[in-house]
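Q: Just to be clear, the model below is a prediction. Sequence and coordinates:
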Amino acid sequence: MADHVDITLWIDRRWKDAIEKHLKDETLQEHLEDVLDEMCNQLPEREYERISAEIYAEDAARRAEEEAARTYAAYHVVENGQEWYFKTSPGEELLDAAEKLRGYVTAEKGSAPDLFIKLFADGHPITVQEYNALTALRMENTGKVRGVFDLNFDKREFSAVHIMDGWQTWAMRDVSVAAYRVTQSQFASSDDQWRKLLDHLSGKEITSAGHLSARNFSFGDEIIESDGKLNFYVQTEFDVDAAFGTFVCTDKNDDWLNVYANYDLAQGKPCDTLELTLCKGDGSEESWSYRLNAAEQDVLLRKMEEYCQQQTGMSLHDYAQQLREEPEQQGPVMKL
């Protein structure tokens, strides 16, 4: 903590007024502060540097302590073809964000700002990288990030990061109605309101590109080791068209989609992309990758871990270790 000392000088106002008339564009207090600064600068160099270093270290420690106690919410907003990334402090939780959405979409014309982001006067712009970092921190459940939200007004979708399931997406109308019903009870505790909100939204989740959740990751077939990776076949029992922009959930063609997730044995974590192959009815194929964000990677790892335990009776780490050691155990193979 800075060790500040208050120095008080008493002077007749007439002296003060007379002196300030002869000072150039500064008050007497400002002039005396400059005199003190100059006196500090005239101290012996080693003493000046020692005290300066102590003050700097104390100030840095204070800022670090304040930052450690500060909490945030992170937002990505798309509206009228434009997008913004920003954070707020102390930050909003799901119910707070839902109430803001309802207030915005139900306000009479002229009584609300023309853009949702204008509701956040204290919002601080951030980069995509900072948004992803806050998303990852939210999944760690440290309490530092109270909420991560993605509101797409052009698609009318509201997405939020859940610490266990990753992304959850609902139609904005469903979120607005749920917020209205929850806030009707003025005497309900915050915990009761939270539970009621989740109850109202339960079963209304939708699939959204960039917001894959735990419910989208289920696996079938064996885990295959190839080229230093464990390959998991993702069952496409969800709306893959909404997730990946395909057109296979229809009876108008005979196309189907294969989706694969890979676990890098050397790095000990899932690869940051899903590999997709569109198999068309005419026999042709088209392949591409879907990049996973921080929340998607986190829930994917959890689902991989769970499936590996079911299939092998081992954790991913132990199974990967066994595969790495197998060639060493077998030793060189003599070919006759």
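A: Cool, the structure landed.
Q: What about residue 200, how many residues nearby?
A: 19 (other Cβ atoms under 10 Å). Yep, even glycine has a C-beta here, placed from its N, CA and C like the rest.
Q: wait, doesn't it sit right on residue 184?
A: No - Residue 200 is beyond contact range of residue 184, at 11.3 Å (criterion: Cβ atoms under 8 Å).
Q: Tell me the helix or strand right after the longest strand along the chain.
A: Under DSSP state E, the strand in the chain containing the largest number of residues is strand 269-279. Where DSSP states H and E defines the elements, the next helix or strand beyond strand 269-279 is strand 285-291.
Q: Can you list the buried residues in the host helix or strand of residue 75?
A: Per DSSP H and E, residue 75 falls inside strand 72-79. Across strand 72-79, burial judged by 16 or more other Cβ atoms under 10 Å covers 72-78.
Q: Same question for stretch 214-222.
A: 214, 216-219.
Q: likewise stretch 8-22?
A: For stretch 8-22, a neighbour-count test (16+ other Cβ under 10 Å) marks nothing as buried.
Q: And the contacts of it?
A: Contacting residues not belonging to stretch 8-22 are listed as 27-28, 32 [Cβ atoms under 8 Å, 6 or more residues apart in numbering].
Q: which parts of the lowest-mean-pLDDT helix or strand in the chain are buried?
A: None of the helices or strands of the chain scores lower by mean pLDDT, DSSP states H and E than helix 316-330, at a mean of 77. Across helix 316-330, burial judged by 16+ other Cβ under 10 Å covers 316, 319-320.
Q: tell me the angle of that helix relative to strand 269-279?
A: For helix 316-330 against strand 269-279, the angle by axes from the mean of the first three to the mean of the last three Cα atoms, to 10 degrees is 90 degrees.
Q: Which strand or helix spans the most centrally placed residue in the chain?
A: Geometric centre of the chain, nearest residue: residue 135, 1.7 Å, by Cα atoms, centre = their mean. For residue 135, the host element (DSSP H and E) is helix 128-139.
Q: Give the buried residues for that helix.
A: The neighbour-count check on helix 128-139 (16+ other Cβ under 10 Å) flags 130-132, 134-139 as buried.
Q: for stretch 273-293, same thing?
A: Neighbour count says stretch 273-293 has 274-276, 278-279, 290, 292-293 buried, by 16+ other Cβ under 10 Å.
Q: In the residues you listed, find the pair that's most separated.
A: The most widely separated members of the buried residues of stretch 273-293, counting by Cβ to Cβ, are 279 and 293 (26.4 Å).
Q: Parallel or antiparallel, which strands does the strand holding residue 75 pair with?
A: Take DSSP bridges as the rule and strand 72-79 pairs in its sheet with strand 82-88 (antiparallel), strand 145-152 (parallel).
Q: Now do the shortest one: distance to the chain's middle.
A: Spelled out, it's strand 82-88. Distance, stretch centre to chain centre, for strand 82-88: 12 Å (Cα atoms, centre = their mean, to the nearest Å).
Q: Next, count neighbours for residue 43.
A: Based on other Cβ under 10 Å, the number of other residues close to residue 43 is 13.
Q: distance of the nearest residue to it once chain neighbours are set aside from residue 307?
A: Spatially, and ignoring its direct neighbours in sequence, residue 43 is nearest to residue 51 (7.8 Å; Cβ to Cβ, 6 or more residues apart in numbering). Look at residue 51 and residue 307: by Cβ to Cβ, to the nearest Å, they are 60 Å apart.
Q: residue contacts, residue 132?
A: Residue 132 sits next to 293-294 when contact means Cβ under 8 Å, 6+ apart.
Q: Which segments of the chain make up each domain?
A: The chain is divided into the following domains under automatic domain parsing: 18-56, 72-201, 214-329.
Q: Dump the ones you listed into a markdown table; add distance to residue 63 as well.
A: Shown next, in a markdown table, are the domains of the chain (distance: least, Cβ to Cβ, whole Å):
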| stretch | distance to residue 63 |
| --- | --- |
| domain 18-56 | 11 |
| domain 72-201 | 14 |
| domain 214-329 | 26 |
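Q: buried sites along stretch 93-109?
A: For stretch 93-109, by 16+ other Cβ under 10 Å, it's 94-102, 104.
Q: my bad, stretch 82-91
A: Buried residues in stretch 82-91 (16+ other Cβ under 10 Å): 84-88, 91.
Q: And stretch 139-156, by the same measure?
A: By neighbour count with 16+ other Cβ under 10 Å, stretch 139-156 contains the buried residues 139, 144-153.
Q: end to end, how far does that stretch reach?
A: Stretch 139-156 stretches 25 Å from its first residue to its last (Cα to Cα, to the nearest Å).
Q: now stretch 176-190
A: End to end - Cα to Cα - stretch 176-190 spans 18 Å.
Q: ok now it, how far from the chain's centre?
A: Worked out by Cα atoms, centre = their mean, stretch 176-190 lies 26 Å from the chain centre.
Q: And for stretch 133-152?
A: Remark: stretch 133-152 is offset 4 Å from the chain centroid, using Cα atoms, centre = their mean.
Q: Reformat the buried residues of stretch 139-156 as TSV; add pLDDT and distance to residue 204.
A: TSV is the format used below for these (pLDDT from 0 to 100; distance: Cβ to Cβ, whole Å):
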residue	pLDDT	distance to residue 204
139	96	23
144	95	29
145	97	24
146	96	23
147	97	19
148	98	20
149	98	17
150	98	17
151	98	16
152	98	16
153	98	18
